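**Q** Here is my input, please return the structure:
(one chain, ligands or ions: 2)
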Amino acid sequence: MVEENWFPQIEKELCTGCGDCIVICPTDALEQVSGVAVVTKPAACNYCGECETICPVEAIALPYQIVLESDL
Ligand code: SF4
Ligand code: SF4
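**A** Ligands and ions are numbered 1, 2, ... in the order given. Presented below is the predicted three-dimensional model:
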């Protein structure tokens, strides 16, 4: 079985370590490790997408898109 990473993926090569994503994350899921941002607590991530939006170098990508639908 292949375990897929569903949480935000961070390109280490692109990350400048600015810390913007760490500051804006509402659940403290991110931390700085060796100068780059890392999702150290994936279970805490609520998939809000704030980190992806704020990153100035587009180093963060959420693998899935949440679509809300209602047929009511
Ligand atoms: S998607 Fe939201 S909760 Fe998850 S790591 Fe990014 S800012 Fe934090
Ligand atoms: S906002 Fe982007 S460049 Fe800044 S620490 Fe987070 S991932 Fe790295």
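
**Q** Let's see the pLDDT reported for residue 6.
**A** For residue 6, the pLDDT comes out at 90.

**Q** Surely it touches residue 63?
**A** Yes. Counting by CB atoms under 8 Å, residue 6 touches residue 63, with 6.1 Å between them. (Each C-beta comes from the backbone N, C-alpha and C, glycine too.)

**Q** roughly how far apart are residue 24 and ligand 2?
**A** 8 Å (CB to the nearest ligand atom, to the nearest Å).

**Q** Helices of the chain, start to end?
**A** Assigned by DSSP state H, the helices in the chain fall at 20-24, 50-54.

**Q** which parts of the protein sit against ligand 2?
**A** Within the chain, the positions adjacent to ligand 2 are 10, 15-21, 37, 54-55, 57, 59-60 by CB under 6 Å from any ligand atom.

**Q** could you flag which of these are buried?
**A** The neighbour-count test (16 or more other CB atoms under 10 Å) marks 10, 15, 20-21, 37, 55, 59-60 as buried among these.

**Q** And the pLDDT for residue 64?
**A** 90.

**Q** ugh, typo on my part, it should be residue 3
**A** pLDDT, residue 3: 61.

**Q** who's in contact with stretch 57-68?
**A** 4-11, 14-16, 21, 37, 47, 49, 51-52 (CB atoms under 8 Å, 6 or more residues apart in numbering).

**Q** Keep those residues, but drop any that are not near ligand 1.
**A** Counting by CB under 6 Å from any ligand atom, 8, 47, 49, 51 from those sit close to ligand 1.

**Q** where are the low-confidence patches of the chain?
**A** For the chain, the stretches with pLDDT under 70 are 1-3.

**Q** Any residues of it in contact with ligand 1? List them.
**A** Residues of the chain lying close to ligand 1 (CB under 6 Å from any ligand atom) are 8, 25-27, 29-30, 39, 45-51.

**Q** hmm, 8 Å instead?
**A** Within the chain, the positions lying close to ligand 1 (CB under 8 Å from any ligand atom) are 7-8, 21, 24-30, 39, 44-52, 60, 62.

**Q** Return the members of those residues classed as buried.
**A** Looks like the residues of the chain next to ligand 1 have 7-8, 21, 25, 29-30, 39, 45, 47-48, 50-52, 60, 62 buried, using 16+ other CB under 10 Å.
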